[in-house]
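J.: would you be able to build a 3D model of this:
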Amino acid sequence: MEHVNLFIKAVFIENMIFAYFLGMCSYLAISKTVKSAVGLGMAVIFVLTVSVPICYLLEKYVLKAGALAWLSSDFASVDLSFLSFIMFIATIASIVQLVEMVVEKFAPALYATLGIFLPLIAVNCSILGGALFMQEREYATLGEATVFAIGSGVGWFLAIVALSAIREKIRYSNIPDPLRGLGITFIITGLMAIAFMSFMGIKL
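T.: Below is the predicted model of the structure:
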């Protein structure tokens, strides 16, 4: 039950887009069509699901103070936490490179649609944010870190797919010229964020 609560909280209450506005660049750029939004959203879910648990293991068994005690008592005083950022980013970049190669091989059309934003997942702040939130909140088990990662990815996926569906619908609407494009998109994103705030009333 604890894992279900953590998943719901990550998807709706602490949504990466609507609660923290992380990953906004690719969110706004790729949300023009549902097809491209689904592709990027699935990639983000995969990268978060794989990278956050790996970062959890790195944090627990390598980086934090005393984490290397399993090697020898001589290493019990070693603190490598200052390497957290570079290790997390290196892990994320490696996973993204794998995703990029797979997408290019099996879905070249999607690869062309996503363009530069697929490799840029490596510096997508929602991905690094997931790893840093995991570190800050000190999840007790690998399972909790994994559930949080999946929930965060699903939340980001729902956000970008919902926005892309709305943008497709309003493409031929009578929108004032000054608001066309990013203007109306920012307004819609703000309204969606306000709507997601209603989930804060869920008792978990």
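J.: and Gly151, how far from Ala10?
T.: Shown here: Gly151 relative to Ala10, a distance of 3 Å by Cβ to Cβ, to the nearest Å. From N, CA and C alone the C-beta is placed, and that goes for glycine too.
J.: how about stretch 106-119 as PDB, C-alpha atoms only?
T.: Output in PDB follows, covering the C-alpha atoms of stretch 106-119 (Å, rounded to 0.1, in the frame of the first residue of the first chain):
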ATOM      1  CA  PHE A 106      13.800   0.700 -34.600                       C
ATOM      2  CA  ALA A 107      11.800   3.900 -35.000                       C
ATOM      3  CA  PRO A 108      13.700   6.300 -37.400                       C
ATOM      4  CA  ALA A 109      10.600   8.400 -38.000                       C
ATOM      5  CA  LEU A 110      10.100   9.100 -34.300                       C
ATOM      6  CA  TYR A 111      13.900   9.700 -34.000                       C
ATOM      7  CA  ALA A 112      13.600  12.300 -36.800                       C
ATOM      8  CA  THR A 113      10.600  13.900 -35.100                       C
ATOM      9  CA  LEU A 114      12.200  14.200 -31.700                       C
ATOM     10  CA  GLY A 115      15.400  15.600 -33.200                       C
ATOM     11  CA  ILE A 116      17.800  17.200 -30.700                       C
ATOM     12  CA  PHE A 117      15.400  16.700 -27.800                       C
ATOM     13  CA  LEU A 118      16.000  13.000 -27.600                       C
ATOM     14  CA  PRO A 119      19.700  13.300 -26.700                       C
END
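J.: quick check: buried residues in stretch 97-108?
T.: Applying a neighbour-count criterion of 16 or more other Cβ atoms under 10 Å, one finds Val99, Glu100, Val103 buried in stretch 97-108.
J.: quick one: contacts of the lowest-mean-pLDDT helix or strand in the chain?
T.: The helix or strand with the lowest mean pLDDT-type score in the chain, counting by mean pLDDT, DSSP states H and E, is helix 108-114 (a mean of 79). Contacting residues not belonging to helix 108-114 are listed as Ile30, Thr33, Lys35, Ser36, Gly39, Leu40, Ala43, Glu100, Val103, Glu104, Leu118 [Cβ atoms under 8 Å, 6 or more residues apart in numbering].
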